[in-house]
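[1] Here is a sequence together with a model predicted from it:
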Amino acid sequence: MDHFVFMALVATLGTWLVTALGAATVVFFKSPDPKALNLMLGFASGVMIAASFWSLLQPAIQRAEAAGGPPPWFVATSGFLLGALFMWASDKAVSFARGNAERAQGRQNERLNRIIMLVLSITLHNIPEGLAVGVAFGALQNTPHTLENLMGAISIAIGIGLQNFPEGAAVSIPLRREGCSRKKSFLLGQASGMVEPVAGVVGALLVVYVEAILPYALAFAAGAMVLVAVHELIPECQQNQRAQPYLATMGIVAGFAVMMLLDVMLG
């Protein structure tokens, strides 16, 4: 196995482990501290938004310019929009399946439907996140092996890992409330992140062995990450805005600043 693919596997195993840690909160706590979760979600949002530009979109534009094919603006824009559309379509598919299941089963199996769709929705949305990490590490094969590029890939993995912690809790704790045992709630919660290592290896293999798609893949991952951050993480972390009006916002600013600082310092 190419060592960049192996690095992608290790990184996505790490993001899965953070999901498992988040799911493990159901074993120790009835519910996690909402302030800590909001701060963590905000920080992850800032990291992901910053990483989407410096570690994904900017390299995509540079690679497209060097390749001399389609205009860089077309490559970056089309890849970015495709990534966002993929996440949107994934969300719509889950909502459609949930609606069909509820209509077909009525209220008889409503609890089971909620459990299945909760796990499925988080699992499905983890696929592009794993792809984003895999693409970032696979891209190192065709770029100068500098500390800046390596830290960019690691930052993406850290950002996704941070937001995986509350996601793991977001699966296991509702399952516990639905009547599942703590053990079953944990197992299902951590299982929602197991798709990320698979997607990470696939993403890394694609960009390592099919170099022509690298600029599109980088932009695709950026679009997926921005949609997740803006549509899911930021609204989620702002739920207690009245009680703590700037807590999550400062988390977003801090996450963006940390990612920006790393890129500027290493650049």
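    Looks like it arrived, so ask away.
[2] which residues does Gly22 contact?
    164-170, 172, 189 (Cβ atoms under 8 Å, 6 or more residues apart in numbering). Quick note: C-beta positions are derived from backbone N, CA and C, even for glycine.
[3] cool, and Ala24?
    Contacts of Ala24 by Cβ under 8 Å, 6+ apart are 168, 172, 186, 190.
[4] Let me know the closest of those to His3.
    For the contacts of Ala24, the minimum distance to His3 (Cβ to Cβ) is 27.0 Å, reached by Gln190.
[5] hmm, back to that, most widely separated two among the contacts of Ala24?
    Most distant of those, by Cβ to Cβ, are Gly168 and Phe186, 8.8 Å apart.
[6] from the contacts of Gly22, which ones fall inside helices?
    164-170, 172, 189 (DSSP state H).
[7] Flag the helix or strand of the protein with the lowest per-element mean pLDDT.
    Here the helix or strand of the chain ranked lowest by mean pLDDT, DSSP states H and E is helix 110-138, holding a mean of 71.
[8] so Ala222 is in which element?
    Using DSSP states H and E, Ala222 sits in helix 214-227.
[9] following that helix, which helix or strand shows up next?
    With DSSP H and E, the next secondary element past helix 214-227 is helix 234-237.
[10] Need the contact partners of the following helix or strand past that following helix.
    Once the chain leaves helix 234-237, the next helix or strand it forms, by DSSP H and E, is helix 247-266. Applying Cβ under 8 Å, 6+ apart, the contact partners of helix 247-266 are 35, 38-51, 54-55, 146-148, 151-152, 155, 159, 234, 237-238, 240-241.
[11] before we move on, the earlier item: could you redo the contacts of Ala24 as TSV and give each row neighbour count, pLDDT and distance to Gln141?
    TSV is the format used below for the contacts of Ala24 (neighbours: other Cβ atoms under 10 Å; pLDDT from 0 to 100; distance: Cβ to Cβ, whole Å):
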residue	neighbour count	pLDDT	distance to Gln141
Gly168	27	79	31
Ser172	30	79	36
Phe186	23	88	36
Gln190	21	88	30
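[12] Dump the residues you listed into CSV; add distance to Leu227 as well.
    Below are the contacts of Ala24 laid out as CSV (distance: Cβ to Cβ, whole Å):
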residue, distance to Leu227
Gly168, 20
Ser172, 24
Phe186, 28
Gln190, 24
